[in-house]
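What shape does this take:
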Amino acid sequence: MNRSLTAVMICACLLSACQSPTDPDDTLDVDDVLDLSLSPSPAVATEATDGRTYRVVRGNNQPDEILPFDWTTTFTVTATLNSNASDEDANIEFPVDITSVAVLVKQASGGIVTPPSGGEAEHYFSVTEASANRYASANSSVSIKLDVWYDLPSLRREALITVTMNFQDNDGQSFSKAYDVRVAP
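This is a model prediction of the structure:
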């Protein structure tokens, strides 16, 4: 066998031995350290009567339409960094901040997302009110009240709202958690 080929093969074997795959225990499993609860569960929507509106851009030199939202719902998500967050394996450095909360509304039927067809889209707007944005230690909670207005192509009130929360610890480690909120029919 050619000496240079043998040397290349030996180097490749040595290099592959130095690189071990990422140990699954080294990554933060958010479900192990973060408990989420919803009140009420499921969320309940009522007819929107406060006059809040949204704009539908028509294009092609047609005027935009201003339409009222059909539905509104209010619910509270409570996020608790449990005792596992202080575990050495979690590698979380307190304090931990909630850096953002995002909402995505999808129309649903029987709890299953039913995407609109024919170029139609869900329209929604949300307002967030949090009790705090920082966890000083494990076993602490933050409650986030969300008011959501929405209009669905199906014209029905049943929806699935995904709330995505992003966190960052004192060392700059970021993690996130998405939570599905079912809105009753």
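
Now do the same contact list for Val142.
Residues near Val142 by CB atoms under 8 Å, 6 or more residues apart in numbering: 78-79, 98, 130-135. To be clear about C-beta, it is placed using only N, CA and C from the backbone, and glycine gets the same treatment.

and with 6 Å instead?
For Val142, the contact set (CB atoms under 6 Å, 6 or more residues apart in numbering) comprises 79, 131-132.

If any of these are buried, give me the PyMOL selection for them.
Restricted to buried positions by 16 or more other CB atoms under 10 Å, the PyMOL selection for those reads:
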select buried, resi 79
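
Out of the contacts of Val142, which is nearest to Thr114?
Ala79 (28.4 Å; CB to CB).

isn't the closest one right next to Asp35, touching?
No: taking contacts as CB atoms under 6 Å, Ala79 lies outside contact range of Asp35: 7.5 Å.

quick one: which of the contacts of Val142 sit in helices?
With DSSP state H as the criterion, helices contain none of the contacts of Val142.

Show me which of the contacts of Val142 is closest to Val30.
Ala79 (10.4 Å).

got a list of what the closest one touches?
Per CB under 6 Å, 6+ apart, neighbours of Ala79: 36, 142.

give me the beta-bridge partners of it?
Bridge pairing for Ala79 (DSSP bridges) gives the partners Leu36, Val142.

Tell me the spacing between it and Leu36.
Look at Ala79 and Leu36: by CB to CB, to the nearest Å, they are 5 Å apart.

again with Gly118
35 Å.

Between these two, tell me which one has more neighbours.
Per other CB atoms under 10 Å, whichever of Gly118 and Leu36 has more neighbours is Leu36, with 17 against 5.

And the more buried one, how close does it get to Ala178?
Distance from Leu36 to Ala178, by CB to CB: 10 Å.

Please apply the same query to Val142.
16 Å.

ok, and what's touching the longest strand anywhere in the chain?
Ordering each strand of the chain by length in residues (DSSP state E) puts strand 96-109 first. Contacts of strand 96-109 with the rest of the structure, by CB under 6 Å, 6+ apart, involve 113-114, 122, 124, 126, 128, 133-135, 150, 152, 154, 158-169.
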